[in-house]
Every structure is written in C-alpha cells, then in structure tokens.
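**Q** only the shape, not the letters, is given here:
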C-alpha cells in the first residue's frame, strides 16, 4: 500500500516538474521573441537609413559633377539643402523610414525589403555573383522550396522571396531572369548566388564568379535569356 502511494507521489512530482519546465520553456521562448523583435526593427531601420545615405552620396556626386571645373579650387561649397535626394520617390521613402523608426513594422516582415526592391527597380546594383550547384541540389532553401540547380533561381540576402531579377554579366552582356527563393550569399563582397542553370546562361561557370548588374523586373518582363 505504501509502495503504491509512493509511486503516485513520484508520478505527481514528475508531472509538476514537467509543467514547471514547460512553463519555463514558454517564458524563455517569449523572452527570445521579444529580443528578436527589437533586433529585427533595429536592423530594419539601419538598412533603410544606410540606403538613404547611399542615395544622398549619389546626389552629392551628381551635384559636384555639374559644378564648374575650377569651383573646387575656389572652395565653393554646395548647399546641402539644395541637393535633391534622388528622385520623386523620396517622399514616399521618407514615410517608410518614419514608420520603421516608430516600430510600425508587422511581425515577420521588413519595410526595408520592399524599399530595397523598389530601389533596385529604379537603379540597378553592381557587384560580384557566385553560383551553387550539385552540393545543394535537392536541399531545402530558406523559402521552403527544394533547390533545383536546373531552375533559374537565386539567393539574395533580403529581397522578398519571389522577387524576379534580371542579372547581367558585365563582361559579356549576357543576362538571365532569376527568381529569389533562398538567402545568401554569406561570403563578404558578394551580392548574389545564382543556380547552375543561371550561371550557364551567364557563361560564368568556368570562372566561378562574375561581375554582374542586378535589377528588379516585373512579372510581365520577358524571361528569355540574351
């Protein structure tokens, strides 16, 4: 009889301990989620502000290029307020930046992703691209799809999944339309990882990397390679 009671007591103690561990795990999960949200919003804001800095730098360079050749030697200063930020979309982008700073970003999304996509649609970006193939064929991508090296896809660090990009090999002017379905590349100095099929279209398989120009294109854009 006492042995049965002892077993029951041990069982109850184990159940209480399990419930305590469960509650502690949930509290820890909630804490990590809150920390993630803070870092997510901070990262989002920093990326948008970095984009504005680049736009500002481009505007200053254009303004400097339009000055007389001897203005620099005369110490002529360009009034900062008179330099246009970039284009007519700046007003909308400023609203997005304010929303980011105020933390009005839905959970799991970033406004900077949308802003980056729009910037690339208006102004192509240049950098080094690499490709990945057999080693990753059939593995899950960050979007949940299986990587197929025979499809024209790519990995980008933050553009929304499904975004279509025209990638042009600057050395030979060959281009291909790819779809973002993965995250990367993670090697410093590279802006894009393309599938093997896209690398073949760009004629970059032998070299492994290529200097490319990338721009966001609409769904209606012709997807044939050049």
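**A** Okay, I see it. Values in this document were obtained by computation on a predicted structure and should not be read as measured data. Numbers count the residues shown, from 1 in each chain.

**Q** give the contact list for residue 178.
**A** 152, 153, 154, 164, 165, 167, 194, 195, 198 (CB atoms under 8 Å, 6 or more residues apart in numbering). In short, each C-beta sits where N, CA and C put it, glycine included.

**Q** 6 Å instead, please
**A** By CB atoms under 6 Å, 6 or more residues apart in numbering, the contact set of residue 178 is 152, 153, 154, 165, 167, 194, 198.

**Q** can you flag the buried ones in those residues?
**A** 152, 153, 154, 165, 167, 194, 198 (16 or more other CB atoms under 10 Å).

**Q** dump those residues into a markdown table; add distance to residue 134 and pLDDT as well.
**A** Shown next, in a markdown table, are those (distance: CB to CB, whole Å; pLDDT from 0 to 100):
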| residue | distance to residue 134 | pLDDT |
| --- | --- | --- |
| 152 | 17 | 97 |
| 153 | 15 | 97 |
| 154 | 17 | 97 |
| 165 | 23 | 95 |
| 167 | 21 | 97 |
| 194 | 14 | 98 |
| 198 | 15 | 98 |
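
**Q** now the two most distant members of those residues.
**A** 153 and 167 (11.0 Å; CB to CB).

**Q** and the residue nearest to residue 208 when sequence neighbours are not counted, how many neighbours?
**A** Nearest residue to residue 208, sequence neighbours excluded (CB to CB, 6 or more residues apart in numbering): residue 130, at 6.5 Å. Counted with other CB atoms under 10 Å, residues neighbouring residue 130 total 21.

**Q** give me the element residue 130 is part of.
**A** Here residue 130, judged by DSSP states H and E, is contained in strand 125-132.

**Q** output the contacting helices and strands for the helix or strand just after that strand.
**A** Proceeding N to C from strand 125-132, the next assigned helix or strand is strand 153-155, under DSSP H and E. Counting contacts by 3 or more CB pairs under 6 Å, 6 or more residues apart in numbering; DSSP states H and E, strand 153-155 is packed against strand 175-182, strand 190-195.
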